[in-house]
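J.: Next input, structure requested:
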Amino acid sequence: MTPRSITLPASGAFSLVNLRLHRAHLAQTEGMVFDTEGFGLAEVDIADGTITGIRTPGSNQAGADTVDCHGGIVFPAFVDCHTHIDKGHIWGRKPNPNGSFPGALTAVGEDRKARWSAEDVERRMEFSLNCAYAHGTKALRTHLDSVPPQEDISWPVFDTVRERWKGRIELQAACLFGVDEARDEAWFNRLADLVARHNGVLGAVTYMVSDIDALLDRMFVKAMDLGLDLDFHADETDDVGAISLDRIADAALRHSFEGKILVGHCCSLARQPDDKVKSTLDKVARAGLSVVSLPMCNMYLQDRRSDATTPRWRGVTLLHEMAERGINVCVASDNTRDPFYAYGDLDVLEVYREATRIVHFDHPVGAWPATVAGNPARAMGLADTGVLSVGGTADLVLFRGRSLTELLSRPESRRTLIRHGKLIDATVPDYSELDDLMEP
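T.: Below you'll find the model as predicted:
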């Protein structure tokens with residue numbers, strides 16, 4: 001059987017019919033009928049790149065061109081809120097020697113010092129973004145390693161890349177350094193000013209150092225002074241004593257911080273006693289933090305053992321308990337083919353598929369589809385992104401799968417991408433494009 005294809009009218013208004021939308025992706029659901037998984041048959045009217053109507057089946061406007069979606073599921077274009085495209089695709093020249101977290105830190109540090117020129121970083125960023133775009137991503141936040149002298153290399157490169165991708169992928173960047181480096185106040189102030197000049201996000205990796213609260217205060221005060229949002233890597237370990245998520249929530253409440261705060265990983269929370277979990281999550285909810293779990297990377301690194309024994313836990317944080325408290329939760333790609341994660345392609349459908357299996361985003365499906373669309377868009381402060389609404393931009397990903405089991409059982413490599421109401425022909429780049437960067 002020939003695979004079915006979708007063709008859009010060359011111009012004018014048209015309607016996508018016989019498609020399935022999930023309630024978690026809709027700004028309004030009045031009149032819609034949903035199945036037990038949350039999907040409902042619908043029709044979507046599009047004109048001049050804008051969604052002009054979302055309706056129940058059979059009520060399309062007379063005379064409008066119609067495009068049959070064959071009952072397939074349609075998502076809004078993806079939002080990937082935690083990535084590392086400055087590290088991406090260095091595996092071929094600098095693999096992780098043993099799959100461990102320390103092995104990743106050492107390998108990346110050595111490669112950064114030896115190879116991360118402006119040209120090298122820019123080419124790998126471009127490759128990564130071409131992958132993300134071909135899979136249906138509309139917005140992406142990357143962390144940029146910002147330890148000397150890399151900050152002066154990567155931030156100008158990112159500025160150039162962001163301008164080049166304007167209109168295709170909305171790009172944000174957050175600086176990344178060990179929070180203990182903020183003890184050097186002069187250096188930290190210079191970095192924060194650099195981030196502000198490049199319209200970035202102030203970020204760091206938090207550790208349970210003795211002065212963690214003072215260092216967080218320094219970051220919060222600086223973010224408020226410069227009008228910056230905050231983004232932290234926190235507790236990427238199985239150590240029950242790693243409670244920096246709790247400290248970040250305390251700091252947010254202490255400073256009455258009004259900007260957006262996104263916290264990634266939070267792995268150790270799943271190892272902590274119930275009373276500590278409850279106390280921390282109550283604070284996180286009051287402080288209005290967003291949390292992103294990175295299920296693929298965390299399963300790769302966490303609880304990896306060197307004694308021929310099997311890992312005993314999944315490495316992910318407590319997303320169900322967070323969602324129950326109204327905390328804005330997301331999942332994202334994280335690292336891609338670098339020492340922190342040997343695999344991945346910045347395909348957010350893969351992220352959602354693996355999260356469904358690893359974190360149990362099913363039985364019920366509930367609002368979990370929002371973790372790769374509306375929720376990360378909210379965490380990034382993006383309007384008209386991640387939700388389908390009348391008057392919103394027609395940025396859609398059309399799948400062949402008609403139910404969750406069909407959608408998540410295959411890679412959906414023949415998905416149809418609509419951006420601004422038009423089909424885009426995006427193809428993932430060939431790995432050979434980076435061959436010369438992998439040479440010794």
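
J.: then the longest helix along the chain to PDB, C-alphas only?
T.: Longest helix of the chain, by residue count under DSSP state H: helix 118-135. The C-alpha coordinates for helix 118-135 follow below in PDB (Å, rounded to 0.1, in the frame of the first residue of the first chain):
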ATOM      1  CA  ALA A 118      33.500  29.700  17.100                       C
ATOM      2  CA  GLU A 119      33.400  27.700  13.800                       C
ATOM      3  CA  ASP A 120      33.100  24.400  15.500                       C
ATOM      4  CA  VAL A 121      30.300  25.500  17.800                       C
ATOM      5  CA  GLU A 122      28.400  27.200  15.100                       C
ATOM      6  CA  ARG A 123      28.500  24.200  12.700                       C
ATOM      7  CA  ARG A 124      27.300  21.800  15.400                       C
ATOM      8  CA  MET A 125      24.600  24.200  16.400                       C
ATOM      9  CA  GLU A 126      23.400  24.500  12.800                       C
ATOM     10  CA  PHE A 127      23.300  20.700  12.500                       C
ATOM     11  CA  SER A 128      21.400  20.400  15.700                       C
ATOM     12  CA  LEU A 129      18.800  23.000  14.700                       C
ATOM     13  CA  ASN A 130      18.300  21.400  11.300                       C
ATOM     14  CA  CYS A 131      17.500  18.200  13.100                       C
ATOM     15  CA  ALA A 132      15.100  19.900  15.500                       C
ATOM     16  CA  TYR A 133      13.300  21.800  12.700                       C
ATOM     17  CA  ALA A 134      12.900  18.600  10.600                       C
ATOM     18  CA  HIS A 135      11.200  16.900  13.500                       C
END
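
J.: Just give me how far it sits from the chain centre.
T.: 16 Å (Cα atoms, centre = their mean, to the nearest Å).

J.: Output the contacting helices and strands for the next helix-or-strand element following that helix.
T.: The helix or strand immediately downstream of helix 118-135 is strand 137-145, counting by DSSP states H and E. Strand 137-145 sits against strand 78-83, helix 118-135, helix 151-164, strand 170-176, strand 230-234, with contacts defined as 3 or more Cβ pairs under 8 Å, 6 or more residues apart in numbering; DSSP states H and E. (Glycine included, C-beta is placed from N, CA and C.)

J.: mind giving me JSON lines with these and columns for mean pLDDT, distance to residue 392 and mean neighbour count?
T.: Converted to JSON lines, those look like this (pLDDT from 0 to 100; distance: least, Cβ to Cβ, whole Å; neighbours: other Cβ atoms under 10 Å):
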{"stretch": "strand 78-83", "mean pLDDT": "98", "distance to residue 392": "14", "mean neighbour count": "28"}
{"stretch": "helix 118-135", "mean pLDDT": "98", "distance to residue 392": "19", "mean neighbour count": "21"}
{"stretch": "helix 151-164", "mean pLDDT": "98", "distance to residue 392": "23", "mean neighbour count": "18"}
{"stretch": "strand 170-176", "mean pLDDT": "98", "distance to residue 392": "14", "mean neighbour count": "23"}
{"stretch": "strand 230-234", "mean pLDDT": "98", "distance to residue 392": "26", "mean neighbour count": "26"}
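
J.: okay if I get these as TSV plus distance to residue 111?
T.: Compiled in TSV, those are given as follows (distance: least, Cβ to Cβ, whole Å):
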stretch	distance to residue 111
strand 78-83	17
helix 118-135	10
helix 151-164	13
strand 170-176	15
strand 230-234	19
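
J.: And those: which comes nearest residue 40?
T.: strand 78-83 (20.4 Å; Cβ to Cβ).

J.: Where is the longest strand in this structure?
T.: Assignment by DSSP state E gives strand 65-76 as the longest strand of the chain.

J.: what's the angle between that one and strand 137-145?
T.: 30 degrees (axes from the mean of the first three to the mean of the last three Cα atoms, to 10 degrees).

J.: can I get the CA coordinates of strand 65-76 in PDB?
T.: Taking C-alpha atoms only, strand 65-76 is exported to PDB below (Å, rounded to 0.1, in the frame of the first residue of the first chain):
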ATOM      1  CA  ASP A  65     -10.900  23.500   0.300                       C
ATOM      2  CA  THR A  66     -10.600  20.500   2.500                       C
ATOM      3  CA  VAL A  67      -7.600  18.400   3.300                       C
ATOM      4  CA  ASP A  68      -8.200  14.900   4.700                       C
ATOM      5  CA  CYS A  69      -5.900  14.000   7.600                       C
ATOM      6  CA  HIS A  70      -7.100  10.400   7.600                       C
ATOM      7  CA  GLY A  71      -7.900  10.400  11.300                       C
ATOM      8  CA  GLY A  72      -4.400  11.200  12.300                       C
ATOM      9  CA  ILE A  73      -3.300  13.000  15.500                       C
ATOM     10  CA  VAL A  74      -2.200  16.600  15.200                       C
ATOM     11  CA  PHE A  75       0.100  18.300  17.700                       C
ATOM     12  CA  PRO A  76       1.100  22.000  17.900                       C
END
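
J.: strand partners of it, parallel vs antiparallel please.
T.: strand 14-22 (parallel), strand 396-398 (antiparallel) (DSSP bridges).

J.: Quick check: buried residues in it?
T.: 67, 69, 72, 73, 74, 75, 76 (16 or more other Cβ atoms under 10 Å).

J.: Quick check: mean pLDDT of that strand?
T.: Averaging pLDDT along strand 65-76 gives 95.

J.: Tell me which stretches of the stretch 151-300 of the chain form strands.
T.: 170-176, 202-206, 230-234, 261-265, 290-293 (DSSP state E, counting those that start in this stretch).

J.: All set now, cheers.
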